[in-house]
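S.K.: My questions are about this predicted structure, shown below with the sequence.
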Amino acid sequence: MSDYILYNFEYIKEHQQEIITDLKRSHEIILEQGVSDSTFGYTTYNIFGVSSPSIHMYKIFETLRGLIRSQLSEERLWMQSWLNYQDHDGVLQWHNHSSAYHGYIAIEPQDTKTEFENWTIDNEVGNIYFGPGLHKHRVVNLSEYKGKRISIGFDVMTDYNYGPDGPNYPGPLPTLNSGCIPLL
């Protein structure tokens, strides 16, 4: 895999308002379950589980799974995914992910870009970014906006993440990491 891939999924543009409605309801459910922030509570749920009755989210998951599988040869992969549902002043500052791979899906990106240390992505509706983990990045607002910046973040873990030399050793205990699911 090169540094990253960027794929634009037209389906998201075509069904954006319905997807936003599904994710708004999913966000309400996440908060009702006691998670105070859907971004920072990422290990306590999986957005594809919360939104599982949504046909649109099913299509997004199916496409994401195919995209990841087309890039990685590892047999066993796990994915945690979460909802970023942020106001203008709540976008993510410099941070990192310890997973082998990281990505995000732009649903309602507003006027933002994602800055990595060595490259920048202009956030557009339908963009699916997928690249290696351990690359610091942040979201930058390019102008004022009202409403929410909505994206789906995801981490993909391999056997390395949970093995003796991996960053997550001894690995998540099955009952403690509700957010991580096998990527079949």
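M.R.: That came through, no problem.
S.K.: Which residues belonging to stretch 101-113 are considered buried?
M.R.: Across stretch 101-113, burial judged by 16 or more other CB atoms under 10 Å covers 101, 102, 103, 104, 105, 106, 107, 108, 109, 110, 112. Quick note: C-beta positions are derived from backbone N, CA and C, even for glycine.
S.K.: Determine which residue lies closest to the centroid of the chain.
M.R.: By CA atoms, centre = their mean, the chain has its centre lying nearest to residue 153, at 1.3 Å.
S.K.: what secondary structure does that residue sit in?
M.R.: Following DSSP: H, G, I helix; E, B strand; the rest coil, the label given to residue 153 is strand.
S.K.: ok so, going back, nearest to residue 126, of the buried residues of stretch 101-113?
M.R.: residue 106 (6.6 Å; CB to CB).
S.K.: okay, and for this protein, where does confidence drop off?
M.R.: For the chain, the stretches flagged by pLDDT under 70 are 1-2, 160-184.
S.K.: just the helices in it please.
M.R.: 10-14, 16-32, 47-50, 55-71, 159-162 (DSSP state H).
S.K.: Roughly how far does the residue nearest to the centre of the chain sit from residue 14?
M.R.: Noted for residue 153: a distance of 22 Å to residue 14, by CB to CB, to the nearest Å.
S.K.: And for residue 145?
M.R.: 22 Å.
S.K.: Same check on residue 117?
M.R.: For residue 117, the distance to residue 14 - CB to CB - is 34 Å.
S.K.: shouldn't residue 134 be in contact with residue 116?
M.R.: No: applying CB atoms under 8 Å as the test, residue 134 and residue 116 come out as separate, 10.9 Å apart.
S.K.: hang on, the earlier thing: mind listing what the residue nearest to the centre of the chain touches?
M.R.: Residue 153 sits next to 39, 42, 81, 82, 83, 84, 102, 103, 104 when contact means CB atoms under 8 Å, 6 or more residues apart in numbering.
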